[in-house]
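*Asks:* quick one, what's the 3D model for this:
(2 chains)
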Number of protein chains: 2
Amino acid sequence: MAEHTVSPSSTIVVHHLNDSRSQRILWLLEELEVPYEIKKWERTAEKVAPAELKKIHPLGTSPVIQDGDLVLAESGAIVEYLITKYGKGRFSPSEAGWVDNLYYSHYAEGTLMPHLVNVLIFTIIPDRAPLLVRPILRMAFNTLISQMIAPRLKLNSKMIEDHLAKNPGRFFAGGENVTSADFQMVFPLEAWLTSTTGVAPVGEHTRKFLEIVHARPAYQRALEKGGEYNYA
Amino acid sequence: MAEHTVSPSSTIVVHHLNDSRSQRILWLLEELEVPYEIKKWERTAEKVAPAELKKIHPLGTSPVIQDGDLVLAESGAIVEYLITKYGKGRFSPSEAGWVDNLYYSHYAEGTLMPHLVNVLIFTIIPDRAPLLVRPILRMAFNTLISQMIAPRLKLNSKMIEDHLAKNPGRFFAGGENVTSADFQMVFPLEAWLTSTTGVAPVGEHTRKFLEIVHARPAYQRALEKGGEYNYA
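*Replies:* I've put the predicted structure just below:
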């Protein structure tokens, strides 16, 4: 690991929340082989990040990294930052894969995650409502999921599957090397496969992508270091 | 405009939906001064993109651009693609603004837009439900907005305002030139200012940012060419 150390004064700190988007950052750091420390945070009883995280970043979300004086949130930005600063040219897409990498790097959180998060919200809310209104809320939210989210997720599932089928066994930018698109896509796909296939299916190539990622030694190390993670 | 023409065979086509994220792409193309054509699409009675858009891109959303054989969706990817390919070094952040540009380029759709979209969904849904259940749904959704979304939007508002206050009158990457972060941020901020200030306020520096953008000749040209747009 010493070979890849950039500066002893800039050990990266990852503010890591269990079962969250920050797991992908641990995977990336293991692939990059740069030294880092994990500061673990636990979800509250309401399953959200604890209020104390706001002392690190104004939005109080995870992941957040600290690299020297820099405090940076937002998975897409963190992934791009770390690859550019510490990647030494590895984990960059080929010329031919540049646009696909760009697309899936932004699509993961810009389009896919909001659908999956809403399925979660719409499922949880009725369970927390007063007993008397639960049935009507459950009916309303189930209608929302089936009429609004499910058809869109099915289109998303097909698009991802068709994309991965073009280069079976390869990564999102079409090559044999992981790029920012893969780090970004892994979390929504894990969450989808674990908890949302009842709303819309996940295709075979997509499952295979996750298997390939999960088998990587760097991913395994990240899983071990991150602690509780119910999506892999 | 001829000076900046890249190739006559690759005139860019923008699939533009009224009152949508694609307005930012028109603004960018006007700033870039590259030739482009607009293919206009109209929202359906349900206020969503027409099903025919799926013939252009599998998800059927807007914006989508065509550049030669390339079909590209997702605002963040389109903005980055166009600036890299046609920007000639303009619209790139300074070294000092690189991380802020990265952050706000991803944050706009990765964090901010989902909150704003959910306010819209949670407001509209009760109005479309059967008359008898409307009051209970309205109460439930208003609770969701006030307890779940409003506190988060307030944090977002403060973060954006504090960021812009550091360099008054400048853009999101801290400089005097617009960069991808500005093209990405303009739409959620316009939508917020137009329809969501009742849930959470928008600060003075944020309003000023929009005023500065709206006064730019390129923005004005984009507005004129795009047609119906209720957010500026």
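
*Asks:* when you work out contacts or count neighbours from here on, use the C-alpha atoms and nothing else.
*Replies:* Will do.

*Asks:* where along chain A do the strands fall?
*Replies:* Secondary structure of chain A, counting by DSSP state E: strands at A:12-17, A:36-41, A:64-67, A:70-73.

*Asks:* excluding sequence neighbours, find me the nearest residue to residue A:232.
*Replies:* Excluding its sequence neighbours, the residue lying closest to residue A:232 (C-alpha to C-alpha, 6 or more residues apart in numbering or on different chains) is residue A:190, at 6.5 Å.

*Asks:* the one you found reaches residue A:229, doesn't it?
*Replies:* No. Assessed by C-alpha atoms under 8 Å, residue A:190 is found out of contact with residue A:229, at 10.5 Å.

*Asks:* more crowded one of those two?
*Replies:* For residue A:190 versus residue A:229, the count of surrounding residues by other C-alpha atoms under 10 Å in any protein chain shown is larger for residue A:190: 17 against 13.

*Asks:* contact partners for that one?
*Replies:* Taking C-alpha atoms under 8 Å, 6 or more residues apart in numbering or on different chains as the criterion, residue A:190 is in contact with A:210, A:231-232.

*Asks:* now tabulate these in JSON lines and tack on distance to residue B:158.
*Replies:* Formatted as JSON lines, the contacts of residue A:190 follow (distance: C-alpha to C-alpha, whole Å):
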{"residue": "A:210", "distance to residue B:158": "38"}
{"residue": "A:231", "distance to residue B:158": "33"}
{"residue": "A:232", "distance to residue B:158": "36"}
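
*Asks:* let's see which of these end up in helices.
*Replies:* Among the contacts of residue A:190, the ones falling in helices (DSSP state H) are residue A:210.

*Asks:* contacting residues around residue A:92?
*Replies:* By C-alpha under 8 Å, 6+ apart, the contact set of residue A:92 is A:83, A:178-180.

*Asks:* which of these sit farthest apart?
*Replies:* Pairwise distances among the contacts of residue A:92 were taken by C-alpha to C-alpha; the largest, 10.9 Å, belongs to A:83 and A:178.

*Asks:* any residues in contact with both of those two?
*Replies:* Taking C-alpha under 8 Å, 6+ apart as the contact rule, the neighbours common to residue A:83 and residue A:178 are A:91-92.

*Asks:* tell me the pLDDT at the closest residue to residue A:199 other than its chain neighbours?
*Replies:* By the measure of C-alpha to C-alpha, 6+ apart, the closest residue to residue A:199 outside its immediate chain neighbours is residue A:150, 5.5 Å from it. Per-residue pLDDT puts residue A:150 at 98.

*Asks:* which residues are contacting the least confident helix or strand in chain A by mean pLDDT?
*Replies:* Using mean pLDDT, DSSP states H and E, helix A:134-144 stands out as the lowest-scoring helix or strand of chain A, at a mean of 89. The list of residues contacting helix A:134-144 from outside it, by C-alpha under 8 Å, 6+ apart, reads A:122-123, A:126-127, B:133, B:137.

*Asks:* same thing but 10 Å
*Replies:* Residues outside helix A:134-144 that contact it (C-alpha atoms under 10 Å, 6 or more residues apart in numbering or on different chains) are A:118-119, A:121-130, A:145, A:147-150, B:121, B:125-126, B:129, B:133, B:136-137, B:140-141.

*Asks:* among those residues, which ones are in helices?
*Replies:* Assigned to helices by DSSP H, the following of those qualify: A:118-119, A:121-128, A:150, B:121, B:125-126, B:136-137, B:140-141.

*Asks:* skipping adjacent residues, who's closest to the residue minimising distance to the centre of chain A in space?
*Replies:* With distances taken as C-alpha atoms, centre = their mean, chain A has residue A:187 as the residue nearest its mean C-alpha position (2.8 Å). Taking C-alpha to C-alpha, 6+ apart as the measure, residue A:187 lies nearest to residue A:21, with 6.1 Å between them; neighbours along the chain are not counted.

*Asks:* now residue A:188
*Replies:* residue A:113 (5.8 Å).

*Asks:* tell me, how many residues neighbour residue A:115?
*Replies:* 22.

*Asks:* from what I see, it and residue B:110 are in contact.
*Replies:* No. Residue A:115 sits out of contact with residue B:110 when judged by C-alpha atoms under 10 Å, with a separation of 11.8 Å.

*Asks:* can you check which residues contact both of the two?
*Replies:* For the pair residue A:115 and residue B:110, residues contacting each of them under the criterion C-alpha under 10 Å, 6+ apart are residue A:109.

*Asks:* measure stretch A:62-72 end to end?
*Replies:* One end of stretch A:62-72 to the other measures 10 Å (C-alpha to C-alpha, to the nearest Å).

*Asks:* ok, now stretch A:47-61?
*Replies:* So stretch A:47-61: terminal residues 12 Å apart, C-alpha to C-alpha.

*Asks:* in it, which residues are buried?
*Replies:* Using 16 or more other C-alpha atoms under 10 Å in any protein chain shown as the burial criterion, the residues of stretch A:47-61 that qualify are A:49-50, A:53, A:56-57, A:59-61.

*Asks:* tell me where the model's unsure across chain A.
*Replies:* Counting by pLDDT under 70, the ranges of chain A that qualify are A:1-9.

*Asks:* how about stretch A:115-122 as CSV, C-alpha atoms only?
*Replies:* Backbone C-alpha positions of stretch A:115-122 (Å, rounded to 0.1, in the frame of the first residue of the first chain) are rendered in CSV as follows:
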residue,chain,number,x,y,z
HIS,A,115,-37.2,5.9,-8.3
LEU,A,116,-35.8,3.3,-5.9
VAL,A,117,-35.8,5.7,-2.9
ASN,A,118,-39.5,6.6,-3.7
VAL,A,119,-40.4,2.9,-3.7
LEU,A,120,-38.9,2.7,-0.2
ILE,A,121,-40.6,5.8,1.1
PHE,A,122,-43.9,4.9,-0.3
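
*Asks:* can you tell if it touches chain B?
*Replies:* Yes. Applying C-alpha under 10 Å from any C-alpha of the partner chain, one finds stretch A:115-122 in contact with chain B at A:115, A:117-118, A:121.

*Asks:* how about that stretch: buried residues?
*Replies:* Of the residues in stretch A:115-122, those buried under the neighbour-count criterion (16+ other C-alpha under 10 Å) are A:115-119, A:122.

*Asks:* so how far is it from its chain's centroid?
*Replies:* Going by C-alpha atoms, centre = their mean, to the nearest Å, the spacing between the C-alpha centre of stretch A:115-122 and its chain's C-alpha centre is 15 Å.

*Asks:* swap in stretch A:208-227?
*Replies:* Relative to its parent chain, stretch A:208-227 has a centroid offset of 13 Å by C-alpha atoms, centre = their mean.

*Asks:* check stretch A:200-208 too.
*Replies:* Computed by C-alpha atoms, centre = their mean, the separation of stretch A:200-208 from the middle of its chain amounts to 16 Å.

*Asks:* check stretch A:19-34 too.
*Replies:* Relative to the chain's own centre, stretch A:19-34 is displaced by 10 Å; criterion: C-alpha atoms, centre = their mean.

*Asks:* number of nearby residues for residue A:160?
*Replies:* Burial of residue A:160 is recorded as 19 neighbouring residues (other C-alpha under 10 Å).

*Asks:* for it, list the residues it contacts.
*Replies:* With contacts defined as C-alpha under 10 Å, 6+ apart, residue A:160 is in contact with A:104, A:154, A:172, A:189, A:202-203, A:205-206, B:58.
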